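Engineer: quick one, what's the 3D model for this:
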Amino acid sequence: MTKTSRAVAAIGAVGILLIAWLLFIRPAPGPQPGPTSVGPASGGQLTATYRRDPESFNRYVSANASTELVARLTHDTLVRINRVTGDLEPRLAESWTISDDGLTYTLKLRRDVRFSDGAPFTAADVLFSFNAAYSEGSQLKDGLKVADKPFEVSAPDDYTVVIRLPSPFAPGLGSLDALPIFPRHKLEAAFNEGRFGKSWSTATPPSDLASLGPFVVAEYVSGQRVVFARNPHFWRKDAAGVQLPYLDRIVVETVTDQNAEMLRFQAGEFDLTTDEVRPEDIAALRREAQAGRLQLKEVGVSLDANLLWLNLSPEAKAKDPRRAWLQSEQLRKAISHAVDRQEFINSVYLGAGAPIYGPITPGNRRWYVPDLPTYPHDLSLARALLTEIGLADRNGDGMLEDRAGAPARFSIITQQGHTIRERSVAVIQEQLRQVGLAADIVKLEPGSIFGRFGAGDYDAIFFGVESSELDPNGAKEFWLSSGGFHFWNPGQPKPATEWEARIDALFARQETTLDLDERKKLFAEVQRVFSGHVPALYFAAPTIYVAMSARVVNAMPALANPKVLWNAETLAVGQPAAR
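Structural biologist: This next block holds a predicted model:
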């Protein structure tokens, strides 16, 4: 796979996995969590919204956020990270033991578990899933490696799986939260014939799919909806012995326009929005919640922050060497000083947010570092940094030109119709104008953005990534210079800079130590190096609110995605409120 195609596959997300951030936990096996009292009545339907169609029904080959949502609803994993507590929970593996050296995990699988088509689940399906995960084109393989070496997986019998790590690995079994177990009986032939990457496209009839999760795909209409129906063979029951899921159906409608989405939600057409509530909608929704017509939950400071990155690839510089100032560290620091973060928060998030200087936000309490290098709002310092790279007002019009007399101008691509991103780039544009930099805003649909990114045809992009996990190891593809999520210069054959090599080395060390305090120190240094060189600019993280209809029962909103549907099997329908 070429560097470009790897990058396109990786960023395929409004979704791009950034992925993954799992809490470092090394728990002993415990009982399957569940309600402590009799659960709600079964039956009913909830309707949710999402901004984009899935690219595929095959999570192994697509990092698209909608594909990830489909996987969370329809497939199951050996273990799961509880998105609220951070606890490691048994799933298809009901228990496990760990060797004294911490390198070997022996997992006992649940018996009498069946796929949605009735076929039995055994260790052979686990072995097949690992083989597929390590195959060419898989989007999952990097998260299942230690020091770039795969796990050794074997099955001494149908209900035992042994995983041997090549070296100490801090996330341990938590890394398996990202591995959906696929049916060998459905996909082995395609895998052996080299067709696995094309299997289970969105054109696949739902009847040809099989899964172990609480729901199955019952209907897909491109650009309109995905309908999920109860999996009659789902293995889990609540504390009273009632088979889960409680719901008969979940309908996820594709609604790309946020204004239309909110109007229809307030009119009672939807039960929940998969994305968080926009700041401008909070006041109205709070009034509705106080009247008992819906639920509005404050979850905390977002794990996901939009970011601005410039194209730092050698190919971009070679195409237009006169624009070398665009790749200078001084420019990035000047931008960071030029943007008033509090004004950004006030204008974009209506005051509900926190200033940040790196990818890890205060919402990720375990890994957040408050004392990173900062860039306080200082227009004089920003102008001085721009002078260092040869930018000056050479014609007296108040705007800067480079040494050749060309305007100091660049374009920022962002997502059309995404009001937060559109407001954000408008604030950045105005604040850069105050130091003489001209920024042209280009609004595109996500597919066009990914195409421009993959082709390297851009100056800068303002976009966001969706986190489903908390641990830094889930974000290897972002931090490592070889990673496809290393946006500013992805897929480097070797580190392009000394500081990127330094991050690679620090990251490798934190990955292999089992001492949490030492991991924290190492990853704190990773963040300091990053913020000291600002390859990507972060300005603020919003406070997250989740809105749901009054009908939704058992919701446990989380900061990590999917914020409500992560525990879809225990969601239920209550009585609707009068409107």
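
Engineer: which residues sit in contact with the closest residue to F530 other than its chain neighbours?
Structural biologist: Spatial nearest neighbour of F530, excluding adjacent residues (C-beta to C-beta, 6 or more residues apart in numbering): G358 at 5.7 Å. Yep, even glycine has a C-beta here, placed from its N, CA and C like the rest. Contact analysis of G358 by C-beta atoms under 8 Å, 6 or more residues apart in numbering lists 369, 372, 527, 530-531, 538.

Engineer: with Q243 instead?
Structural biologist: Residues in contact with Q243 (C-beta under 8 Å, 6+ apart) are 42, 234, 236-237.

Engineer: quick check: phi and psi on it?
Structural biologist: Here is the backbone geometry of Q243 (degrees, to the nearest 10): phi -70, psi 140.

Engineer: do you know how far it is from A65?
Structural biologist: 29 Å (C-beta to C-beta, to the nearest Å).

Engineer: kindly report the same for Y357.
Structural biologist: Applying C-beta to C-beta, the value for Y357 to A65 is 25 Å.

Engineer: ok, the two, which is more surrounded?
Structural biologist: Taking other C-beta atoms under 10 Å, Y357 and A65 do not tie; A65 has more neighbours (27 against 21).

Engineer: my read: that one touches L565, true?
Structural biologist: No. With contacts counted by C-beta atoms under 8 Å, A65 stays clear of L565, the gap being 11.9 Å.

Engineer: returning to what we had before: in TSV: the contacts of G358, plus secondary structure, pLDDT and neighbour count.
Structural biologist: Below are these laid out as TSV (DSSP: H, G, I helix; E, B strand; the rest coil; pLDDT from 0 to 100; neighbours: other C-beta atoms under 10 Å):
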residue	secondary structure	pLDDT	neighbour count
V369	coil	94	16
L372	coil	92	19
Q527	helix	97	23
F530	helix	97	24
S531	helix	96	21
Y538	coil	97	23
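
Engineer: ok, those vs K494, which is closest?
Structural biologist: F530 (18.6 Å; C-beta to C-beta).

Engineer: test my guess that the closest one contacts P359.
Structural biologist: Yes. With contact defined as C-beta under 8 Å, F530 counts as touching P359 (7.4 Å).

Engineer: moving C-terminal from the helix or strand of the chain with the lowest mean pLDDT, which element do we reach first?
Structural biologist: For the chain, the helix or strand with the lowest mean confidence is helix 3-11, at a mean of 38 (criterion: mean pLDDT, DSSP states H and E). Next along the chain after helix 3-11, taking DSSP states H and E as the criterion, comes strand 45-50.

Engineer: so what strands line up beside that next one?
Structural biologist: strand 249-254 (parallel), strand 272-273 (parallel) (DSSP bridges).

Engineer: who does the helix or strand following the first one touch, helix- and strand-wise?
Structural biologist: Moving toward the C-terminus from strand 249-254, the next helix or strand (DSSP H and E) is helix 258-266. Using 3 or more C-beta pairs under 8 Å, 6 or more residues apart in numbering; DSSP states H and E as the contact test, the elements touching helix 258-266 are strand 45-50, strand 272-273, helix 282-290.
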